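Peer 1: Sharing a sequence plus its predicted fold:
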Amino acid sequence: MRNGILLLILAAVFAAAAELEVRHLDNGLTVIVSSDDISPVVTICIAVKTGATCETPETNGLAHFYEHMFFKGNSALPDQTIYRQRMGELGIINNGATSTERVWYHITLGSDNFEEGLQFMFDAITSPLFDMVEMERERDVIMNEYDRKTSHPLWLLWLAQEQVIYADAPWRQSSIGVPEIIQAASPSAMEYFQEMYYTPDNSALIIAGDVDYEEAFMLAEQLFSQWEYGGRSNYDILPRLISIERDTTVYVDSPSGAGFVSVIFEGPSISTDPGASYPADVWGSYLGLMSREYYTDLVTNGPFISISGSYYTQRFSPRISFSGMVHPDRAEEALSLLLEEIDQLQSPDYYDAEGLILAKEELDRHRIMAEETSRDVAIESLPFWWVVAGNLEYYSTYSDSINAVEPEDINSFLEIWIKGKPHAAFIMMPLDAEESQQ
Amino acid sequence: MKISVLILLTVLTGSTLAAIPPNVEEFTLSNGIPVITRTIDNNDIEGFSLFLIGGSRALTEETQGLERFALECAMMGSTKYPGPAWRELMDKTQAEWTSSFNYDFSRYHLRCAKDDLEVLLSAFGDCLLNPEFSSQAVEQVRESFIQDLQETYYSPDSWIWFVANDAFMPGHTYRNVPDGIEETIAGFTIDEAKVMLDERIRSGNILITHAGPTGSEELKEMLEDAFGSIPEGGQEYEPVEIFFVPFDTVVVQHRQIPTAYAVVKFNAPPQGHEDLLPFRAALTAVDDLLWQVLRTDHALTYATFSGTSSYQQNWGYMYVSSQQPVQACSLMAGVLADAIENPMNADIVRGTIEKSRTLESMKAASKDTQCWMMGSFEITTGDWRNAYTIFDNIEELTPEDLRIVLDKWVGNGGWGIIADTTAIPAEQLRPWSLH
């Protein structure tokens, strides 16, 4: 472990963020430890730079399938009976999740079982079995998950957004995938994902809770340094996905009867233009202020029931969204007013100095709130920032960078990303059969 | 502030009951509102909950949702903090308010930075006592509720619980839905909301809990300033009646959806009952078995689970979504019936106990959860300490203990099913016996 060079003690650098230390193993694994003894539990998370964005039309849904197989058996715990028995012995609460740009797995257990928990995660990440019988069963489980998604009130809206905003490669935005690929998934497809992405240089091990820093690093190194370096991931060189080339308005049927309006622009990627993400965040936070024009015009005195305006920090599909609930009868009027408001908010006069200070403070507070517990730190905050930003430097300097944002930075952001730029608008409201088909 | 009338009771420091946390104090405001506070100073985040006791018992069929409607309208602004000033304050503090309205109580929870606690409590108190009720804000709240209710109805995953209620608790007090229904929400007037608040915002209906870095002395002053002038009095409610399901029942709702949803509810020990711990442990173990049997062995579902509610009167429940609901429900009922008939595998019971320990430890880190635990146990069992001592004896539970309580409490089941009955004939969706 290259202790001397890469040890970062970040606690003092940014008071708003969780206290943590970061080290890198020789095989490229990033190890992050955050100690908090408020409760005798520890959460161990492994974040992997993969997800739907790494998929092709032929593999759409397999990153998610892999996530399902992670807890299904490995060389140390080969069948589900033994596997679940071990989880019971250790009091493990576990889960995993697949998003478009990342996959992460986590367990929480008593800190007296920390070492055993590390071993449990090591076995799961390094030696999954991809047993064919288990895969056959899991296929039906995933199909049930797919069917459940199609019953969600926003399902049609999600589909429309995939097709319009990510038209070049909509599969890269669809974590659940398509039934045909799920039905055909094979162990060799899993092995492809394992070889390509499930390597230490493409992953981070996050440990947060009632642990001692030195002990945690020592145990992590003892175990995880055996994980073989990969060097095969193409994650960092994948192309940008979001692409909006012309103004488009899409009507989407609302089976629930609820109304919803959204307008989406392309946004700056954190990997190619991280500097633009800070004014984008401050700007989005400003729009979240209920005492300012955006909320007052559209909700207090307008047709919206709720409204948001935000920038979503991503590598491949960063977007700027304006959206809110409306009465379905007023959805078209609401879109028209929202577009007028978007015109107005391109003026520097739209933003006042005090509001910008509040917006920055909000971002700081949001971060403190989002990291209340060590489990929040381990499974929500750090996996997101480590994967999306590519390292923790962005996370560690975030607060300072936000506070350095000036009004002209926001103007510049608006000039580059919104002014005169094409957008995609979506109106969700009940449509008759003919309208739905159109 | 009238400090002299505050009664401070230091409850525990170094108690013999190791599970009860230290630094918990109880006191009462001058108007009688009880307060339970746990000092936790690991960071600057405060947790504050105000419970309004009553829930379904404070409602009738015609007023379902009225308390929620009145409170949410009140939270749009007050005399001292009219709409724009209230929104300005929310912007400045970035406070997080969460509200929930359940069968036993309504709860507002505040999560904020320590420095903002005082001003936010003051504003909250003013909203409760002197709400602005601007017609514009009231209509905004109404529209938002109706949209929420429409989405709840449309989503089978949300609605299935209400379908199961049709089978399990017809005519019961808990059928008065605290969130309201579209028909009642659409008709409430501002005057009705005002009357509801006038009746309900009484010291005898309120309990406050707090978890965070602010110490009890400072907190007392803040709370007295904010809530000390709430009028005394309140409602006395009869205990909630026991559920009675005379025979296994199923209510089926047709929808054209690709996967069916099913929930079965059955009787469980009420809060505070000695059987509740083993019963809860048994349903947690059954949860493990459902995963094993329905998901791992038979691949019938993505989501299946079981558990026990936490109300004055409780029920156990099992849930599954499946393209093959007949097989899935039959197996689900069989898992429970087997657990009633035969003691469960000792390893599974041991695993349940270990996982319960982990879950209990996890709760200690969240101030929101601490506030909820202390408040809900105080309301439903009469003593907040039960939230911490309920697990004291869990290590001693045996598989036979779990089997005995299941046998004793699980009676007839009330099944709710949402399915495409053009694909699965409704007559196949019969109620499956749990014994």
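Peer 2: Received it, and whenever you're ready, just let me know what you need.
Peer 1: And A:Thr59, how far from B:Val138?
Peer 2: With distances taken as CB to CB, to the nearest Å, A:Thr59 is found 52 Å from B:Val138. C-beta: built from backbone N, CA, C; applies to glycine.
Peer 1: domain assignment for chain A?
Peer 2: Using automatic domain parsing, the domain ranges for chain A come out as A:3-237, A:248-437.
Peer 1: Which one, of those domains, ends up nearest to B:Leu294?
Peer 2: With CB to CB, the closest approach to B:Leu294 among the domains of chain A belongs to domain A:3-237: 9.6 Å.
Peer 1: Might you report the residue contacts of residue 119?
Peer 2: As the question left the chain open, I've gone with chain A. By CB atoms under 8 Å, 6 or more residues apart in numbering or on different chains, the residues touching A:Gln119 are A:76, A:223.
Peer 1: think we crossed wires, I meant chain B
Peer 2: Residues near B:Val119 by CB under 8 Å, 6+ apart: B:89, B:93.
Peer 1: before we move on, what SS does the residue of the stretch 251-400 of chain A at minimum distance from chain B have?
Peer 2: Distances between the stretch 251-400 of chain A and chain B by CB to the nearest CB are smallest at A:Ser256, namely 3.3 Å. Assigned state for A:Ser256: coil (three-state reduction, DSSP: H, G, I helix; E, B strand; the rest coil).
Peer 1: For burial, what's the neighbour tally of the residue lying closest to it once chain neighbours are set aside?
Peer 2: Nearest residue to A:Ser256 in three dimensions, chain neighbours excluded: B:Tyr154, at 3.3 Å (CB to CB, 6 or more residues apart in numbering or on different chains). The number of residues packed near B:Tyr154 is 18, by other CB atoms under 10 Å in any protein chain shown.
Peer 1: and A:Lys149, what is it in contact with?
Peer 2: A:155, A:176.
Peer 1: quick one: the closest residue in space to B:Pro246 that isn't next to it in sequence from A:Phe217, how far?
Peer 2: In space, and not counting its chain neighbours, B:Pro246 is closest to B:Asn412: 6.9 Å by CB to CB, 6+ apart. Going from B:Asn412 to A:Phe217 by CB to CB gives 56 Å.
Peer 1: I'd assumed A:His152 was in contact with the residue nearest to A:Ser256.
Peer 2: No. Under the criterion of CB atoms under 8 Å, B:Tyr154 makes no contact with A:His152, lying 9.1 Å away.
Peer 1: tell me the SS of A:Gly302?
Peer 2: coil.
Peer 1: and A:Tyr398, what element?
Peer 2: helix A:393-403 (DSSP states H and E).
Peer 1: Can you list the helices and strands that that helix packs against?
Peer 2: helix A:274-287, helix A:353-370, helix A:382-389 (3 or more CB pairs under 8 Å, 6 or more residues apart in numbering or on different chains; DSSP states H and E).
Peer 1: Determine which of those approaches B:Leu276 most closely.
Peer 2: Here helix A:353-370 is closest among the helices and strands packed on helix A:393-403 (CB to CB), at 33.1 Å.
Peer 1: what's the closest one packed up against?
Peer 2: Applying 3+ CB pairs under 8 Å, 6+ apart, we find helix A:353-370 packed against helix A:274-287, helix A:393-403, helix A:407-417, helix B:83-93, strand B:105-113.
Peer 1: Now the element after the fourth one, going C-ward?
Peer 2: Just to be clear, that refers to helix B:83-93. By DSSP H and E, the next helix or strand past helix B:83-93 is strand B:96-101.
Peer 1: quick one: contacts of the biggest helix by length in chain B?
Peer 2: Looking across chain B with DSSP state H, the single longest helix is helix B:135-154. Outside helix B:135-154, the residues that touch it by CB under 8 Å, 6+ apart are A:153, A:255-259, A:299-301, A:305-306, A:325, A:327, B:65, B:68-69, B:72-73, B:76-77, B:83, B:158-159, B:179-182, B:185-186, B:188, B:190, B:193.
Peer 1: Name only those of those residues that count as buried.
Peer 2: Neighbour counting with 16 or more other CB atoms under 10 Å in any protein chain shown marks A:153, A:256, A:258-259, A:299-300, A:305-306, A:325, A:327, B:65, B:68-69, B:72-73, B:76-77, B:83, B:159, B:179-182, B:185, B:188, B:193 as buried within the contacts of helix B:135-154.
Peer 1: So which of the residues you listed are in helices?
Peer 2: Residues of these located in helices (DSSP H): B:68-69, B:72-73, B:83, B:159, B:182, B:185, B:193.
Peer 1: now, which of those sits nearest chain A?
Peer 2: Distances from chain A to those, taken by CB to the nearest CB, are shortest for B:Gly83, at 7.1 Å.
Peer 1: That closest one - nearest residue in space that isn't next to it in sequence?
Peer 2: Spatial nearest neighbour of B:Gly83, chain neighbours left out: B:Gly77 (3.9 Å); criterion: CB to CB, 6+ apart.
Peer 1: if you skip the residues just before and after it, what's nearest to A:Asp112?
Peer 2: Using CB to CB, 6+ apart and skipping the chain neighbours, the partner closest in space to A:Asp112 is A:Pro40 (7.1 Å).
Peer 1: Over to B:Thr296?
Peer 2: Excluding the flanking residues, the one nearest B:Thr296 by CB to CB, 6+ apart is A:Gln80, at 5.0 Å.
Peer 1: same deal with A:Tyr294?
Peer 2: A:Tyr294's closest residue in space is A:Leu287 (CB to CB, 6+ apart), at 4.7 Å.
Peer 1: what pLDDT does that neighbour get?
Peer 2: Looking at A:Leu287, its pLDDT is 98.
Peer 1: I'd guessed it sits against A:Ser321; true?
Peer 2: No. Counting by CB under 8 Å, A:Leu287 stays clear of A:Ser321, with 10.3 Å between them.
Peer 1: and these two? which has more neighbours close in?
Peer 2: Neighbours were counted for A:Leu287 and for A:Ser321 using other CB under 10 Å; A:Leu287 has more, 23 against 17.
Peer 1: ok so, going back, so can I have a markdown table of the domains of chain A showing distance to B:Val293?
Peer 2: Formatted as a markdown table, those follow (distance: least, CB to CB, whole Å):
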| stretch | distance to B:Val293 |
| --- | --- |
| domain A:3-237 | 11 |
| domain A:248-437 | 28 |
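Peer 1: So which of those domains is nearest B:Asp115?
Peer 2: For B:Asp115, the closest of the domains of chain A is domain A:248-437, at 10.5 Å, according to CB to CB.
Peer 1: The residue nearest to A:Asp112 contacts B:Glu360, doesn't it?
Peer 2: No. Using CB under 8 Å, A:Pro40 is not in contact with B:Glu360; the gap is 10.1 Å.
Peer 1: Comparing those two, which residue is more hemmed in?
Peer 2: A direct count of neighbours by other CB under 10 Å for A:Pro40 and B:Glu360 places B:Glu360 higher, at 18 against 14.
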